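>>> generate a structure from the sequence data that follows.
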Amino acid sequence: MFLALIIAFVPSFANNNDEDDKNVLLLKTLVQNLNSGHFSPQSIDDDFSEKVYNKYLERIDVNKRFLTKDDVENLEKYKFKIDDEIEASNYEFFDYASKILDDRINDTKGFYSEILDKPFDFNMVENFESDAEKINYVSNTKQLKERWRQTLKYQTIARVYSMKRAQDKRLAKAAEIEEGKLDGATTNDEVEEEEEEIMEDEEAEDLTFDQMEEKAREKVKKSYDDMYERLEKLNKADRLNVFINTITGLYDPHTNYYPPKDKENFDIQMSGTLEGIGARLQDKEGYITVSEVVPGGPAAKQGQLEAEDKITKVAQAKDEAIDIVGMRIDDAVQMIRGKKGTEVRLTVQKIDGTIKIIPIIRDVVELEESFAKSVIIENTELGNRLGLIHLPRFYIDFNDPNGRMSAADVEIEVKKLMAENVDGIIIDLRNNGGGSLEEVVRMVGMFIDDGPIVQVKAKEGKATIYKDRVPGVLYDGPLAIMVNNFSASSSEILAAAIQDYKRGVVIGSESTFGKGTVQRFTNLDRSVPVAMAGLKPIGSLKLTTHKFYRVNGGATQLKGVIPDIVLPDAFSFIEIGEKENDYAMKWSEIEPVNYEPLAGSLIKLSDAKVKSKMRVAQSEEFALIREDAKRRKESMDQTAYSLNFNDYEKFRIDREEVAKKYKNIVKPFDYIKVSTLDADLKKYKTDEDKLEKQEKWYKQLKKDIYLEETTKIMSEI
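Numbering: from 1, shown residues only. Model (predicted):
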């Protein structure tokens with residue numbers, strides 16, 4: 001059937017250039033692979049067309065600063081025709097939308113220069129709405145220019161505030177030193193605190209308010225000069241990638257098209273050997289968003305960058321920061337990457353709306369820090385010695401049969417802990433985004449004698465049951481699995497299996513991430529007929545092909561794994577996870593398989609739940625964590641900002657003062673002792689760098705309230 005389709009459109013190539021020919025071939029090949037290989041193929045109909053139309057407009061004008069109502073009305077004639085164009089490999093809607101967008105980019109190019117040439121009146125009482133979903137497309141050019149004025153004023157007021165705040169703090173500190181209240185010395189902690197609080201402009205010169213306002217406008221103008229320069233460099237292929245991924249995104253959020261260059265970038269990121277900051281990024285509604293901070297990488301060591309942070313600007317060391325909102329992700333990545341030892345400064349918007357500048361020294365992302373490792377955790381008040389295995393991901397080296405494998409490494413750590421005669425083992429899967437299915441199956445097998453572990457099902461046919469293939473149990477003692485909102489995929493399989501078998505207790509956030517789907521890469525070139533080989537390469541497709549199911553028949557998709565004992569965290573009131581992604585695949589269930597939960601295990605779990613709940617209710621730290629979670633939710637919901645400077649300044653200072661209350665909620669627990677395993681002592685004694693990293697990790701563990709509570713739960717089950 002597909003060959004017939006290919007033959008059918010060969011004659012149309014005669015009047016096109018190679019780029020057009022390749023684009024026609026790409027769309028045909030892409031749709032064929034989507035509908036033949038995806039777990040949930042879509043009907044290419046009017047409903048699909050409308051979804052593509054709405055999503056594409058959102059992606060090309062996320063802040064509604066380019067298109068007008070008239071533009072949208074002109075494009076609406078395609079709302080229910082895109083499906084027909086896809087079937088015919090026709091790009092008429094895409095081409096027309098691109099032309100309109102190019103026209104509007106040209107129209108608005110003069111807006112920002114004209115507006116920023118004059119001082120803003122910050123005494124006026126007016127508000128700016130930052131959430132594009134709460135505003136409509138404007139009716140005419142006059143209204144469009146007014147939207148730009150408000151946007152530019154908001155960006156300027158933020159810069160003025162940052163400069164004034166930094167100067168006020170600097171002058172106040174100088175006055176205290178002069179009066180003898182301070183000796184001028186600064187601790188490392190104070191320096192770090194100031195780097196967090198003083199977001200911008202570290203210049204020593206004193207400026208008047210008008211001078212700050214002028215300088216802020218200059219900086220905003222420079223950022224837009226850079227933005228329009230980048231926009232002018234965009235070519236048809238750049239825009240086409242956005243359009244194609246709008247189509248793939250309607251199948252599910254993890255099905256993506258990768259042009260040849262992007263696939264290479266993906267492979268580099270997955271290898272963990274590039275020189276950069278050590279963070280995985282994604283384009284989320286026009287914002288370059290951190291999806292994961294790679295354990296052991298420069299960003300993780302620096303400690304301030306977090307998942308869900310939106311990177312809004314990038315600066316090379318002390319150079320001027322460049323606005324990257326709306327930038328192509330590969331261009332943004334190229335700016336963030338760099339040679340080992342160089343500095344990049346990221347301006348990020350935190351999930352609670354606060355803005356921080358985060359300086360990171362680039363380095364080679366060290367794989368060693370991404371591997372399993374373990375320590376002894378002793379609660380001296382309770383007298384229990386527990387082994388903690390930290391597992392950042394379920395890694396495997398497909399290219400080297402002798403390479404590091406997560407299951408083999410965890411087995412080594414378990415044996416070392418058993419040699420230490422620990423009272424129990426904790427496996428920390430917090431922020432573990434998943435990885436190899438085979439590795440998680442092997443890992444679960446270490447803790448159960450035999451039986452099914454997970455079911456994996458394609459769109460048709462029966463589920464494949466992955467079983468423990470190694471008879472016997474490596475470790476049969478007390479076991480706890482720590483998870484959080486960002487424990488995903490393979491992490492959820494392990495937690496679910498341990499929970500279903502009642503082999504151990506799962507402790508953590510209200511639920512795990514909820515990603516219960518499996519992806520594989522398909523090289524689209526393999527579907528290209530020999531007669532069209534000259535048009536290759538056309539790229540790759542990351543395709544969702546299967547779903548995970550627990551042995552009890554339920555999917556981890558959307559629902560994730562609900563821990564046996566739930567602890568409050570900073571995201572308790574914020575909706576995050578797979579369920580928040582557009583077009584996420586639905587939850588479903590299949591027939592359970594025969595498995596035998598361990599008889600007599602976890603008989604004290606109910607009592608442990610009650611005791612943990614009481615401790616949490618009486619804990620001042622957990623009370624503050626709950627308050628902070630509410631504050632974060634309220635801050636995230638705050639999307640309208642005053643453009644009157646006095647009101648804006650009061651709002652920002654009030655927010656910062658409130659945030660200070662929650663900055664260091666948990667202090668180190670003096671009764672939590674962290675120590676190195678005997679088997680690892682030599683390794684750390686002979687490597688100062690490793691020893692320094694280990695000691696830093698120990699400090700974090702000593703004030704980890706979730707780990708502290710887990711040690712108590714382990715003494716009760």
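
>>> the closest residue to L437 other than its chain neighbours: neighbouring residues, count only.
In this structure, L437 finds its nearest non-sequential neighbour in S490, 6.4 Å apart by C-beta to C-beta, 6 or more residues apart in numbering. Just so you know, the C-beta spots here come from the backbone N, C-alpha and C atoms, and that holds for glycine as well. Using other C-beta atoms under 10 Å, S490 is surrounded by 28 other residues.

>>> does S490 touch S436 like I think?
Yes. If you go by C-beta atoms under 8 Å, S490 and S436 touch, sitting 6.7 Å apart.

>>> any common contacting residues for those two?
F394 (C-beta atoms under 8 Å, 6 or more residues apart in numbering).

>>> longest strand in this structure, by residue count?
Using DSSP state E, we find that the single longest strand of the chain is strand 540-549.

>>> how far off centre is that strand?
19 Å (C-alpha atoms, centre = their mean, to the nearest Å).

>>> packing partners for it?
helix 18-37, strand 256-258, strand 452-457, strand 517-523 (3 or more C-beta pairs under 8 Å, 6 or more residues apart in numbering; DSSP states H and E).

>>> who wins for proximity to V414 among the ones you listed?
V414 lies closest, by C-beta to C-beta, to one member of the helices and strands packed on strand 540-549: strand 452-457, at 17.0 Å.

>>> got the angle for that closest one vs strand 540-549?
Here the directions of strand 452-457 and strand 540-549 differ by 130 degrees (axes from the mean of the first three to the mean of the last three C-alpha atoms, to 10 degrees).

>>> quick one: name whatever helix or strand follows strand 452-457.
Beyond strand 452-457 in the direction of the C-terminus, DSSP states H and E gives the next helix or strand as strand 464-467.

>>> packing partners of the host helix or strand of T108?
Per DSSP H and E: T108 is located in helix 92-116. Secondary-structure packing of helix 92-116 (3+ C-beta pairs under 8 Å, 6+ apart): helix 46-60, helix 69-75, helix 82-87, helix 141-178, helix 209-233, helix 236-249.

>>> is it correct that I376 is in contact with N384?
No. The pair I376 and N384 fails to qualify as a contact (C-beta under 8 Å) at a distance of 10.7 Å.

>>> next up, phi/psi of E343, please.
Backbone dihedrals for E343, given as degrees, to the nearest 10, come out at phi -110, psi 140.

>>> what distance do you get for it to L701?
29 Å (C-beta to C-beta, to the nearest Å).

>>> out of those two, which sits in the busier spot?
L701 (20 against 14).

>>> so is the more buried one in a helix, a strand, or just coil?
Under DSSP: H, G, I helix; E, B strand; the rest coil, L701 falls in the helix class.

>>> so where does the nearest residue to it once chain neighbours are set aside fall, helix or strand?
Distances taken as C-beta to C-beta, 6+ apart put V674 closest to L701, at 5.0 Å, once the chain neighbours are dropped. Counting by DSSP H and E, the element that carries V674 is strand 672-675.

>>> quick revisit: what residues are up against the residue nearest to L701?
375-378, 698, 701-702.

>>> go again using 6 Å as the cut-off
If a contact means C-beta atoms under 6 Å, 6 or more residues apart in numbering, then V674 has 375, 698, 701-702 as its contacts.

>>> redo the residues you listed as JSON lines? Include distance to H390 and pLDDT.
JSON lines is the format used below for these (distance: C-beta to C-beta, whole Å; pLDDT from 0 to 100):
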{"residue": "V375", "distance to H390": "8", "pLDDT": "97"}
{"residue": "Y698", "distance to H390": "12", "pLDDT": "95"}
{"residue": "L701", "distance to H390": "9", "pLDDT": "97"}
{"residue": "K702", "distance to H390": "14", "pLDDT": "97"}
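
>>> which of those lies closest to Y501?
Y501 lies nearest to V375 out of those, by C-beta to C-beta, at 26.2 Å.

>>> phi and psi next, for the closest one.
As for V375, its main-chain torsions (degrees, to the nearest 10) stand at phi -140, psi 170.

>>> wait, it touches G387, no?
No. V375 is beyond contact range of G387, at 7.7 Å (criterion: C-beta atoms under 6 Å).
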